[in-house]
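Chemist: Sequence and predicted structure are below.
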Amino acid sequence: MPSPWKERSRWTVLVAACWVEATSGLSYVFSTYSGVLKSELGYDQRHLNKLAVAKDLGDHIGLAAGLLCRVLPNWAVLLIGSFLILGGYGFLWLLTDHTVPALPFWLVCITMFIGTNGATYLDTAALVTCLSNFSSNRATVVGLLKGFKGLSGAIYNQLYASFLAPDKTSFILLITLGPTVVMVPLILMMGPGSAMKLAVGGDKEDLNFRLLCGASLLLAAYILTVTLVQDLSSVSNNTNIAFTIVLFIGLLLPLFVPKIAELSRKRHHKEITELENPLLGEGCVAEDGLTSRVSDANTEEQKLLGDAGNLLSPGSDHQSLSKAFRNINFWLLVFSIFFSMGSGTTAFNNLAQMAEAQGYENTEVFVSMCNIWNFMGHLVGGYVSEVSTRNYGHPRTLVLAVAQVIMATGHILFATALPKTIYVAVFLVAAGYGVEWAVFPTALSELFGLQNFGILYNFVTMASPAGSLIYSTFIAGPLYDQQAREQGSSTCEGTACFETTFFIMAAVCGIAATLSIALATRTRSFYRLC
């Protein structure tokens, strides 16, 4: 029986996956609606930090998503994620809207966990599908996908500013319905699983990636411009709506890439046919000869890549989970992420409170800027690590170490809280965080293969909320509340609110950079051969 699905170009699947990611960055907008949780549910900063940890755990514990990606088609995984988001955030909206009676705090934490955990299903399905389709451009693909996830917060904030402000309870309804509403057309666009691979040569593929990255950068530049205009001047509601319409037009720009790829494929196929037909005798079939040569070339390439991979981890594309868990390189990566990305997540969760403590009123601007710089970090990090690894043979985790030093610098600026330095601090921490998200999944897939990537990836990502749990629960929350009590208020003002917290997080980012350098040293021979 023929399949009801139409076969998709891998470029179409990549664009659809980018849009899936653009709906999945729910963890990046916590600062936007955390204030309404505080006021409507009667919570203090310590409660908010615990909710933030529940949110982070939900956003990073995706082992179930990784396992399901091995046995279910991507459309089923995407649907499961959508229903979890609808259930978790939908119930949170009912609580803040006082439609249902108040729940014990631990149940609210579970509700937050379930809603945010749905995003891991969207993220994992998009990543696994696209990494399989573009195995030779993993860093660029990860950078694009994670970049769109980073932009999602700014997109949600723009929709809120245009249609819902100042009702932040409605913002929770927006992130409840948004992913669910758009997922059905995106599932139809992505198809059942991996896409057909229309290869037209490395130069054409690089051109397509440049076009896709260019469209993404144009979109990010537009959102940044809109954010700055909203920060520096009073913008009418009609103007905000116009901004949003242009934003959605910008989101459609990547659709041109699959069309260009298809035209290139047809032109390339026509050129080959014209070249080969005059040279073939009767009874010879051009397609068979072409297939044979491509097959031979692929076999030779696989031999070369196999030899390089065996140096570090024999049979890495089929490496078992137990072998990966016994590998010291795996644990160096886990603890590097634990120290650094946990600190970045803590910074984002407390961004609104930090801005208020320094006297800024429009805190949503910093949340949007954080998402934009996060996107830039994803995109630039993927590109820089690809160039560094391909052209110079540098270990990919060397770029990870640089990102962690950048984050440490941003944490120091947050701690000192000098006038206007919050803008620079947001840029450094968000960009460094984005680079890490672009680099570590690629390094993980290179060192341990794709067969168990979904499980290993979600295991490593759990290190981030584990770090955030420690920083938020035992450092940031208690220190903030202590300073607020000394000031006789529920909110804290001044440098003292977060100074100690961010000096500590700067130090642990230094530890993370040391671990990344150690991993780079251990794997440098593998990357030089590749």
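Modeler: Everything's here; your move. Numbering: from 1, shown residues only.
Chemist: So which elements touch the helix or strand containing V181?
Modeler: Taking DSSP states H and E as the criterion, V181 maps to helix 168-190. The elements that helix 168-190 packs onto, with contact taken as 3 or more C-beta pairs under 8 Å, 6 or more residues apart in numbering; DSSP states H and E, are helix 10-24, helix 30-41, helix 74-96, helix 105-133, helix 138-163. Where you see a C-beta, it was placed from the backbone N, CA and C, and this is true even at glycine.
Chemist: ok, now how distant is Q487 from G494?
Modeler: Here Q487 is placed at a distance of 8 Å from G494 (C-beta to C-beta, to the nearest Å).
Chemist: hang on, the earlier thing: now for the helices and strands packed on helix 168-190, which one comes closest to T416?
Modeler: helix 30-41 (20.9 Å; C-beta to C-beta).
Chemist: And for the closest one, what's in contact with it?
Modeler: Helix 30-41 is touched from outside by 43-45, 47-48, 51-52, 55, 95-96, 98, 102, 108, 153, 156-157, 160, 168-169, 171-172, 348-353, 363-364, 366-367, with contacts defined as C-beta atoms under 8 Å, 6 or more residues apart in numbering.
Chemist: redo that, cut-off 6 Å
Modeler: By C-beta atoms under 6 Å, 6 or more residues apart in numbering, the list of residues contacting helix 30-41 from outside reads 43, 48, 52, 55, 96, 168-169, 171-172, 349, 351-352, 364, 367.
Chemist: after the strand or helix carrying Q353, next one along is what?
Modeler: Using DSSP H and E, Q353 sits in helix 351-357. Using DSSP H and E, the helix or strand that follows helix 351-357 in sequence is helix 363-392.
Chemist: helices or strands up against that next one?
Modeler: helix 30-41, helix 138-163, helix 202-232, helix 351-357, helix 396-416, helix 421-448 (3 or more C-beta pairs under 6 Å, 6 or more residues apart in numbering; DSSP states H and E).
Chemist: Give me the nearest residue to V235, chain neighbours excluded.
Modeler: Of all residues not flanking V235 in the chain, V229 sits nearest, at 6.4 Å (C-beta to C-beta, 6 or more residues apart in numbering).
Chemist: neighbours around the nearest residue to V246 once chain neighbours are set aside, how many?
Modeler: Distances taken as C-beta to C-beta, 6+ apart put Y222 closest to V246, at 7.0 Å, once the chain neighbours are dropped. Residues lying near Y222 (other C-beta atoms under 10 Å) number 16.
Chemist: begin at 49 from here
Modeler: Okay, residue one is now 49; in that scheme the one you just asked about reads as Y270.
Chemist: Y471 versus Y270, what's the distance?
Modeler: The value you get for Y270 to Y471, if C-beta to C-beta is used, is 19 Å.
Chemist: returning to that earlier point: and the helices and strands packed on helix 216-238 as TSV, adding mean neighbour count and mean pLDDT?
Modeler: Shown next, in TSV, are those (neighbours: other C-beta atoms under 10 Å; pLDDT from 0 to 100):
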stretch	mean neighbour count	mean pLDDT
helix 58-72	26	92
helix 78-89	20	87
helix 122-144	22	95
helix 153-181	23	92
helix 186-211	26	86
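Chemist: export the contacts of helix 78-89 to a markdown table and tack on distance to A372?
Modeler: As requested, those are arranged in a markdown table below (distance: C-beta to C-beta, whole Å):
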| residue | distance to A372 |
| --- | --- |
| Y91 | 40 |
| L96 | 36 |
| A100 | 30 |
| K103 | 28 |
| T144 | 42 |
| K216 | 43 |
| T217 | 44 |
| F219 | 40 |
| I220 | 38 |
| N397 | 30 |
| L399 | 35 |
| A400 | 38 |
| E412 | 41 |
| V415 | 36 |
